[in-house]
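*Asks:* need a 3D model of the following:
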Amino acid sequence: MHLAFLNPQGNFDPADSYWTEHPDFGGQLVYVKNVALALAALGHRVDIVTRRIDDPDWPEFSAITDSYPGGVRILRIDCGDDAGFLRKEDLWPYLGRDWVPGMIAHYRAEGSMPDAATGHYGDGGLAAALLRNLAGIPYTFTGHSLGAQKFDKLLAAGSTVDALDAHYRFARRIEAERLAMNRAGAIITSTAQERFEQYGHPAYAGAVETADDGHFSIVPPGVALDIFGTDVGHDGEAETRMLVEARLARDLDPGRALLPAVVASSRLDPKKNPAVLVEAFAASKNLQEKANLVFITGALDDPLRSDAGAGEMELSVLRDLRRTITNAGLNGKVAAFGIQGQRGLSSAYRHFAGRRSVFALTALYEPFGLAPLEAAAAGLAVVATRNGGPSESLMDGDGEYGVLIDPTDPVDVAAGLERALGSEWETLAAAGRQRVLDRYTWDRTAEGYVRAIQRAAAAERRDLLEIHPYFTAGSPDVQADRLRELSES
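*Replies:* Residues are numbered from 1 along each chain as shown. Coordinates of the predicted model:
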């Protein structure tokens, strides 16, 4: 099959530039790339279709075509008045006006339209719906995370409907998601919980029915075993280990550098809830004696002392972390430093696994949770939030592949960490790694996508939602009435 993966936000290039360094370049790009490569390995022709950016500050994305080794083409289509960089929230007016028509024109000029498409995130899903409307191409929709849940959390944190809509364009996003899920031949979710909780949100009532088994395919993402496996090494492996040791020596008290570590690697984002790890350490003398707390912070090299490179949200989190560390007397027991790129991160994981260390994910809610599975593949025991995907990936009947904790309870977090660092470490580490090998590989994910795409190609959807004129003609804009109703309820 010839497949088009529609992903207008972020961008792709062979060097994976800017990944994790910008809000538009998050984990879903890793997902899209790896599924595309796995599908290509199965013999399918795959294009990742994204936007062309003709901007001197983003030189990697100006060419119309590019490729990944392994047979995946990157196709870039203009999206916007001047082809300069636009943040993902500002792409909506141009998807139907520029991007989808430009994509169709490109494929027609080549003489070959894709057999099917997959829309990623709300903007890619909207584009897939418009592509189907204009060219009849069937599609699947992978939402990754939906706007309604983010809107709820930000509203609960004290923002107003008007302020949230002005910045995040939630009215447009939710309307686009409704259209994408309603017209999709199949909706791909990572877990059953994602299907029922995210798509069952009142914002999507009338657009999708979560009880419709024929409309959903559960296809978990995979771990790149060539990067995160325990038996692989990379060109920079030794350099990463030296960097880790140097940063531990910089941040920790003398004599503590060789202790096991509780390793947290995620964006410094309130919803990732890093503060509870510090609170758990502060509450447990046993933890402080057994291990260090280590935050791996992407591009931020010395965040416990310096604000350099941190955005406004990261600064807010950092200030809280620093305050708690100082007040609890944890200076010298906590390290924080940057490691960029998946290969560097995997090298650090393997290094810490050699010290019987534990990976911790304490997000308030995690839709799937690929990071703990990557850590497990690299040999770490895992402690993760019970809210979301880890409750399925790390627990199955009587099988336990990690320790699930309540991320709102520092005492429960501390107990889970103590357990994983104790006599059960070998059992938990081995079980977690085997769970990944048995179920969470990109080959398995690609096979699931093929089945979902075949289902989408054969599906006949009825009672389709109308396409809002904003997405085709540019006006009138999508109003925030639905957001106001949600906020009042």
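
*Asks:* hmm, who's touching stretch 83-94?
*Replies:* For stretch 83-94, contacts defined as Cβ atoms under 8 Å, 6 or more residues apart in numbering pick out 8-10, 23-24, 51-55, 57-58, 79-81, 99, 121, 123, 126, 167-169, 172-173, 176, 470-471, 474. (Each C-beta comes from the backbone N, C-alpha and C, glycine too.)

*Asks:* what about that stretch, how long is it end to end?
*Replies:* With Cα to Cα, to the nearest Å as the measure, stretch 83-94 spans 11 Å from end to end.

*Asks:* what stretches of this structure score poorly on pLDDT?
*Replies:* Flagging of the chain using pLDDT under 70 yields the residue ranges 462.

*Asks:* would you mind giving the domain segments of it?
*Replies:* Domain assignment for the chain by automatic domain parsing gives 2-222+444-488, 225-439.

*Asks:* residue contacts, Glu237?
*Replies:* Glu237 neighbours (Cβ under 8 Å, 6+ apart): 347, 350.

*Asks:* quick revisit: okay, and which of the contacts of stretch 83-94 map to strands?
*Replies:* For the contacts of stretch 83-94, the ones inside strands are 51-52, with DSSP state E as the criterion.

*Asks:* of the contacts of stretch 83-94, select the buried ones using a PyMOL command.
*Replies:* Restricted to buried positions by 16 or more other Cβ atoms under 10 Å, the PyMOL selection for the contacts of stretch 83-94 reads:
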select buried, resi 8+9+10+24+51+52+53+54+58+79+80+99+121+123+126+168+169+172+173+176+470+471
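
*Asks:* okay, and which of the contacts of stretch 83-94 map to helices?
*Replies:* In this view, these that belong to helices under DSSP state H are 121, 123, 126, 167-168, 172-173, 176, 470-471.

*Asks:* tell me the one of these nearest Thr445?
*Replies:* The closest of the ones in helices among the contacts of stretch 83-94 to Thr445 turns out to be Tyr121 (Cβ to Cβ; 17.0 Å).

*Asks:* wouldn't the closest one be in contact with Gly143 here?
*Replies:* Yes. Counting by Cβ atoms under 8 Å, Tyr121 touches Gly143, with 6.8 Å between them.

*Asks:* let me see the contact set for Pro220.
*Replies:* Residues in contact with Pro220 (Cβ under 8 Å, 6+ apart) are 190-191, 368, 393, 439-440, 444-445, 448.

*Asks:* what subset of those is buried?
*Replies:* Neighbour counting with 16+ other Cβ under 10 Å marks 190-191, 368, 393, 440, 444-445, 448 as buried within these.

*Asks:* distance of Tyr349 from Leu179?
*Replies:* Noted for Tyr349: a distance of 40 Å to Leu179, by Cβ to Cβ, to the nearest Å.

*Asks:* try Phe471
*Replies:* 8 Å.

*Asks:* quick check: neighbours shared by those two?
*Replies:* Leu126.

*Asks:* circling back to that earlier point, ok, so of the buried ones among the contacts of Pro220, who is nearest Leu39?
*Replies:* Checking those against Leu39 by Cβ to Cβ gives Thr445 as the nearest, at 9.0 Å.

*Asks:* correct me if wrong, but that closest one is in a helix.
*Replies:* Yes. Under DSSP: H, G, I helix; E, B strand; the rest coil, Thr445 sits within a helix.

*Asks:* list the residues that contact it.
*Replies:* Per Cβ under 8 Å, 6+ apart, neighbours of Thr445: 34-35, 38, 219-222.

*Asks:* burial of Leu179, as a residue count?
*Replies:* Counted with other Cβ atoms under 10 Å, the neighbours of Leu179 add up to 25.

*Asks:* sec struct for it, please.
*Replies:* Leu179 ends up helix, using three-state DSSP.

*Asks:* run through who's touching the strand or helix carrying Val383.
*Replies:* Using DSSP states H and E, Val383 falls within strand 381-385. With Cβ under 8 Å, 6+ apart as the test, strand 381-385 has contacts from 262, 273, 356-366, 369, 372, 375-376, 390, 394, 401-405, 407, 413, 416-417, 420-421, 424-425, 428-429, 432.

*Asks:* ChimeraX command for the buried members of those residues?
*Replies:* Command for ChimeraX, covering only those of those found buried under the criterion 16+ other Cβ under 10 Å:
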select :262,273,356,357,358,359,360,361,362,363,365,366,369,372,375,376,390,394,401,402,403,404,405,407,413,416,417,420,421,425,428,429,432
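
*Asks:* from the contacts of strand 381-385, which land in strands?
*Replies:* 262, 358-361, 403-405.

*Asks:* just checking, Val142 touches Ala117?
*Replies:* Just to correct that, residue 142 is Thr rather than Val. No. Thr142 lies out of contact with Ala117 (Cβ under 8 Å); the separation is 11.1 Å.

*Asks:* quick revisit: just flag the most distant two among the ones in strands among the contacts of strand 381-385.
*Replies:* Val262 and Leu404 (15.7 Å).

*Asks:* could you find the closest non-adjacent residue to Asn286?
*Replies:* Glu418 (5.8 Å; Cβ to Cβ, 6 or more residues apart in numbering).

*Asks:* please apply the same query to Thr142.
*Replies:* Ile188 is the one closest to Thr142 (Cβ to Cβ, 6+ apart), at 4.5 Å.
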